[in-house]
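Engineer: Sequence first, predicted coordinates after that:
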Amino acid sequence: MQRFSFLSLIRGHFKALRDRGQSSRRIAWGAIIALYGLPIAVGVASSVTQNARLESPATILTALALLAGAFLTSFTHTSTLRGKLSDRQGDNEDTERPDRNMIDEAATHLLMGAFASISTVILIVVAMNAQRGDVLLGWAAALIIGACSWVALLLLISLPRLYNAYIVVNKVPNELSGSFKGTGVVVTEDDDEIERN
């Protein structure tokens, strides 16, 4: 039964939601509240304000199935980036540890996104069978709306990590990197290169 256990993934996901500092890894409560409190609030709000009505859940089911595949494909890409970092670590093992951690976090969030997408698909199938119609109403609609919000937030927290991983692993120059705060424009004065911030 341990083969079907998602506990290590869930545990890793919450570990990835911690702030990493020099001396401690404290819980990032803001991220946890946004990632889990916001979908609950959206589900509750939809049930209160709209009487929770969800038209054509089959369309959402299809979109979530495609999104689960996208999460898994992105995870495969992230694993390749992590392999590139591991191959080149050599003398830079300590300096590249934050980069490897960033890729590990992205991979965890991507797998959690795939898990959330598949879980939401299962919820939709159960709700469609329970209500026997093309429109979901009440608790079922509110639950699906909240779960879809959770999937969307998991995607949103994964995107910046994927972008930063790409920049780090591929050594994108500062003039093209969105992570670099300056302009990155290099000007020459008397044959000396100066990087302008």
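Structural biologist: Arrived safely, thanks for sending.
Engineer: CA only for contacts and neighbour counts going forward, please
Structural biologist: Will do.
Engineer: Show me the shaky parts of this structure.
Structural biologist: Using pLDDT under 70 as the threshold, the predicted model of the chain has low-confidence ranges 1, 20-25, 50, 89-95, 182-197.
Engineer: So the closest residue to Phe180 other than its chain neighbours: helix, strand or coil?
Structural biologist: Distances taken as CA to CA, 6 or more residues apart in numbering place Asn174 nearest to Phe180, at 5.7 Å, with adjacent residues excluded. Taking DSSP: H, G, I helix; E, B strand; the rest coil as the rule, one finds Asn174 in the coil state.
Engineer: Packing partners of the helix or strand hosting Val126?
Structural biologist: When secondary structure is defined by DSSP states H and E, Val126 falls within helix 97-131. If you count contacts as 3 or more CA pairs under 8 Å, 6 or more residues apart in numbering; DSSP states H and E, helix 97-131 packs onto helix 7-16, helix 57-88, strand 135-137, helix 138-169.
Engineer: report the angle between the axes of it and helix 7-16?
Structural biologist: An angle of 130 degrees separates the directions of helix 97-131 and helix 7-16 when computed by axes from the mean of the first three to the mean of the last three CA atoms, to 10 degrees.
Engineer: For the residue nearest to Phe180, grab the count of nearby residues.
Structural biologist: A count of nearby residues for Asn174, using other CA atoms under 10 Å, gives 17.
Engineer: how much space between it and Ala63?
Structural biologist: Taking CA to CA, to the nearest Å as the measure, Asn174 falls 36 Å from Ala63.
Engineer: In contact with the residue nearest the centre of the chain, which residues are there?
Structural biologist: By CA atoms, centre = their mean, the mean C-alpha position of the chain lies nearest to Ser158, the distance being 2.7 Å. Contacts were defined as CA atoms under 8 Å, 6 or more residues apart in numbering; by that measure Ser158 touches 106, 109-110.
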